[in-house]
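A.B. asks: Here is the input, now give the coordinates:
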Amino acid sequence: MHSPPPSSAHPHAPAPVATRPSVPVTREECIGLDAADPLGRLRTEFALAPGLIYLDGNSLGPLTQAAARRVEGMLHDEWGRDLIKSWNVHGWIDLPKRLGAKIARLVGADADEVLVADSTSINLFKLAAACARGRGRRRRIVSEAGNFPTDLYVLQGLAGLIGADVEVVVAERAELRAAIDTDTFLVVLTHVHYKSGECFDMRALTEHAHAMGARMLWDLSHSVGALPVDLHASGADFAVGCTYKYLNGGPGSPAFLYVRRDLHESVEPVLTGWMGHGAPFEFTDEYAPAPGMARHRCGTPSLLAFAALDGALDVFAKTDLAELRRKSLALSTLFVSAVEAGGAPPGLTFASPRDPNSRGSHVVFAHADGYAIMQALIERGVVGDFRAPDRLRFGFAPLYVRHVDVWDAAQVLRTVIETGAYRAVASRARASVT
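C.D. replies: Residues are numbered from 1 along each chain as shown. Purely as a prediction, here's the structure:
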């Protein structure tokens with residue numbers, strides 16, 4: 001049975017917001033809230049087209065001015081001018097840990113417990129496989145039915161690679177605690193559900209997994225950059241997450257992984273790449289893992305993608321995470337209230353938790369013609385996304401979404417449904433990306 005982790009909350013993690021925000025009832029009130037918004041000044045740091053209401057930052061965050069400058073600098077001043085000297089002169093070799101340190105503040109971890117590398121899927125495989133290696137006689141990985149598909153697919157692939165000794169158990173949310181038993185060696189859950197926006201109680205589930213002797217791995221892809229996360233306080237063993245949603249790192253930007261410090265030397269990577277060697281430039285034939293998080297590096301990173309993320313993360317140095325969460329709750333509550341004012345439009349039902357404190361920074365409505373409705377919204381300058389079979393998702397990234405944007409988006413949604421305007425696009429072929 002695994003020993004429990006040290007139980008200390010991260011000193012920089014803000015206290016969770018546990019209040020229900022008041023809701024403005026006119027557009028003019030929304031304009032007034034935006035004028036007084038302490039985060040409002042940060043909107044100019046994002047490259048957003050005039051008139052666009054962008055509510056899809058939970059899927060792909062917009063370009064930041066700082067990211068564009070950082071990429072330009074690497075292109076011209078580093079790669080273009082200094083070429084291979086840049087690994088030393090400009091510190092390319094240390095970017096994975098420097099970016100990890102920037103993200104650590106956002107997830108309640110210490111700077112040397114987070115590393116930026118690879119993709120979320122690969123990082124999940126690396127950590128789950130390392131756990132499988134040290135599982136002893138345990139043979140179960142437990143996850144949630146309806147978890148984000150890549151998480152389930154990676155775990156299924158790992159189980160197939162190992163063989164009959166490992167099985168992936170997928171349980172409905174209400175049955176999860178019962179599914180985590182003394183034969184479980186790893187629990188993998190997503191903190192904020194991608195389809196409903198519902199939040200898990202990270203600490204309670206982690207404590208239960210530990211009580212059963214299992215390790216706990218959290219996917220923070222729909223959490224980081226939108227709401228406070230405290231990995232230390234939860235006692236989590238591992239975490240992974242992407243950086244192209246609320247962190248605005250760009251399409252396909254590198255992911256991150258977290259390993260609690262007391263596990264650093266005992267978790268041995270299974271993808272034993274050159275960059276994870278203790279002395280890569282000695283070019284020895286035998287692998288010897290680097291100390292700490294560096295052992296979880298594998299291949300050479302994509303430096304231009306790292307540069308974009310480096311610039312994008314700068315905005316969070318100017319951001320109070322408690323204020324970020326306060327505004328997130330206010331925006332999502334406003335949207336739901338405005339959409340349902342006087343009764344929801346025909347056929348539209350709310351598909352997220354009613355309590356704003358029980359969800360992340362996106363909300364979901366369901367409609368049988370959801371795809372056509374979302375396309376009609378996009379044509380009118382309101383960008384969200386659709387998730388099969390019938391879900392319309394709307395993300396509220398507090399750094400650039402305004403109260404007046406949310407108010408206007410709600411009115412457009414109501415109009416599109418009530419007038420039947422979406423029927424004009426209902427017969428079109430569905431795009432490859434929804």
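A.B. asks: which residues of the stretch 201-350 of the chain fall in helices?
C.D. replies: All helices of the stretch 201-350 of the chain, identified by DSSP state H, counting those that start in this stretch, fall at 202-211, 231-234, 303-313, 321-340.
A.B. asks: Can you say which of those helices is nearest to residue 41?
C.D. replies: helix 321-340 (12.0 Å; CB to CB). The C-beta positions use only the backbone N, C-alpha and C, and glycine is treated the same way.
A.B. asks: Just the CA trace of the closest one, in CSV.
C.D. replies: Output of helix 321-340 as CSV, limited to C-alpha atoms (Å, rounded to 0.1, in the frame of the first residue of the first chain):
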residue,chain,number,x,y,z
LEU,A,321,-6.0,33.7,-9.4
ALA,A,322,-8.8,34.4,-6.9
GLU,A,323,-10.0,37.3,-9.0
LEU,A,324,-9.8,35.1,-12.1
ARG,A,325,-12.1,32.6,-10.5
ARG,A,326,-14.5,35.3,-9.2
LYS,A,327,-14.9,36.7,-12.7
SER,A,328,-15.2,33.2,-14.2
LEU,A,329,-18.1,32.4,-11.9
ALA,A,330,-19.7,35.8,-12.6
LEU,A,331,-19.5,35.4,-16.4
SER,A,332,-20.9,31.9,-16.5
THR,A,333,-23.7,32.8,-14.1
LEU,A,334,-24.6,35.8,-16.2
PHE,A,335,-24.7,33.7,-19.4
VAL,A,336,-27.0,31.1,-17.9
SER,A,337,-29.3,33.7,-16.4
ALA,A,338,-29.5,35.7,-19.6
VAL,A,339,-30.1,32.7,-21.8
GLU,A,340,-32.9,31.4,-19.6
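A.B. asks: Mind giving me the packing neighbours of it?
C.D. replies: Helix 321-340 is packed against strand 362-366, helix 403-418, with contacts defined by 3 or more CB pairs under 8 Å, 6 or more residues apart in numbering; DSSP states H and E.
A.B. asks: Need the helices of the stretch 201-350 of the chain in JSON lines (columns: mean pLDDT, mean neighbour count and distance to residue 287).
C.D. replies: Listed next are those as JSON lines, based on pLDDT from 0 to 100; neighbours: other CB atoms under 10 Å; distance: least, CB to CB, whole Å:
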{"stretch": "helix 202-211", "mean pLDDT": "98", "mean neighbour count": "19", "distance to residue 287": "30"}
{"stretch": "helix 231-234", "mean pLDDT": "98", "mean neighbour count": "23", "distance to residue 287": "28"}
{"stretch": "helix 303-313", "mean pLDDT": "98", "mean neighbour count": "23", "distance to residue 287": "24"}
{"stretch": "helix 321-340", "mean pLDDT": "96", "mean neighbour count": "21", "distance to residue 287": "39"}
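A.B. asks: I'd like to know how many residues surround the nearest residue to residue 100 once chain neighbours are set aside.
C.D. replies: Excluding the flanking residues, the one nearest residue 100 by CB to CB, 6 or more residues apart in numbering is residue 114, at 3.8 Å. Residues within reach of residue 114, counting by other CB atoms under 10 Å, total 26.
A.B. asks: what about the strands in the stretch 251-400 of the chain?
C.D. replies: 256-259, 349-350, 362-366, 382-383, 385-387, 391-395 (DSSP state E, counting those that start in this stretch).
A.B. asks: Please work out which of these is packed deepest.
C.D. replies: strand 256-259 (a mean of 27; mean count of other CB atoms under 10 Å).
A.B. asks: on that earlier part again, I'd like the strands of the stretch 251-400 of the chain as JSON lines, with distance to residue 425 appended.
C.D. replies: Converted to JSON lines, the strands of the stretch 251-400 of the chain look like this (distance: least, CB to CB, whole Å):
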{"stretch": "strand 256-259", "distance to residue 425": "38"}
{"stretch": "strand 349-350", "distance to residue 425": "21"}
{"stretch": "strand 362-366", "distance to residue 425": "17"}
{"stretch": "strand 382-383", "distance to residue 425": "14"}
{"stretch": "strand 385-387", "distance to residue 425": "12"}
{"stretch": "strand 391-395", "distance to residue 425": "14"}
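A.B. asks: Tabulate those strands in CSV, adding columns for mean pLDDT and distance to residue 304.
C.D. replies: Output for the strands of the stretch 251-400 of the chain, formatted as CSV (pLDDT from 0 to 100; distance: least, CB to CB, whole Å):
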stretch, mean pLDDT, distance to residue 304
strand 256-259, 98, 18
strand 349-350, 98, 41
strand 362-366, 98, 29
strand 382-383, 98, 26
strand 385-387, 96, 26
strand 391-395, 98, 26
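A.B. asks: which one of the helices and strands packed on helix 321-340 is the most hemmed in?
C.D. replies: The most buried one of those (mean count of other CB under 10 Å) is strand 362-366, showing a mean of 25.
A.B. asks: Could you name the helices and strands sitting against that strand?
C.D. replies: Short answer (3+ CB pairs under 8 Å, 6+ apart): strand 362-366 packs on helix 321-340, strand 349-350, strand 391-395.
A.B. asks: picking that back up, of the helices of the stretch 201-350 of the chain, which approaches residue 106 most closely?
C.D. replies: helix 321-340 (6.9 Å).
A.B. asks: The closest one relative to strand 391-395, how many degrees between them?
C.D. replies: Interaxial angle of helix 321-340 relative to strand 391-395 (axes from the mean of the first three to the mean of the last three CA atoms, to 10 degrees): 140 degrees.
A.B. asks: Among the helices and strands packed on strand 362-366, single out whichever gets nearest to residue 28.
C.D. replies: Of those, nearest to residue 28 by CB to CB is helix 321-340, at 13.6 Å.
A.B. asks: Nearest spatial neighbour of residue 237, chain-adjacent residues omitted?
C.D. replies: Nearest to residue 237 is residue 215, by CB to CB, 6+ apart, at 4.5 Å.
A.B. asks: Which of the strands of the stretch 251-400 of the chain sits closest to residue 404?
C.D. replies: Residue 404 sits nearest to strand 382-383 of all the strands of the stretch 251-400 of the chain, at 12.7 Å, using CB to CB.
A.B. asks: Could you tell me how far that closest one lies from the centre of the chain?
C.D. replies: In terms of CA atoms, centre = their mean, to the nearest Å, the centre of strand 382-383 is set 20 Å apart from its chain centre.
A.B. asks: and that strand, what does it pack onto?
C.D. replies: Using 3+ CB pairs under 8 Å, 6+ apart: strand 382-383 touches strand 53-54, helix 403-418.
A.B. asks: With just CA atoms, put the last one into CSV.
C.D. replies: Looking back up the chat, that one is helix 403-418. Coordinates of each C-alpha in helix 403-418 appear next as CSV, following Å, rounded to 0.1, in the frame of the first residue of the first chain:
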residue,chain,number,x,y,z
HIS,A,403,-19.6,40.9,-19.2
VAL,A,404,-21.1,42.7,-22.2
ASP,A,405,-19.8,39.9,-24.5
VAL,A,406,-21.6,37.4,-22.4
TRP,A,407,-24.8,39.4,-22.4
ASP,A,408,-24.7,39.9,-26.2
ALA,A,409,-23.9,36.2,-26.8
ALA,A,410,-26.9,35.1,-24.8
GLN,A,411,-29.2,37.4,-26.9
VAL,A,412,-27.8,36.0,-30.1
LEU,A,413,-28.3,32.4,-28.9
ARG,A,414,-31.9,33.1,-28.0
THR,A,415,-32.6,34.8,-31.3
VAL,A,416,-31.1,32.1,-33.4
ILE,A,417,-33.3,29.5,-31.7
GLU,A,418,-36.5,31.4,-31.3
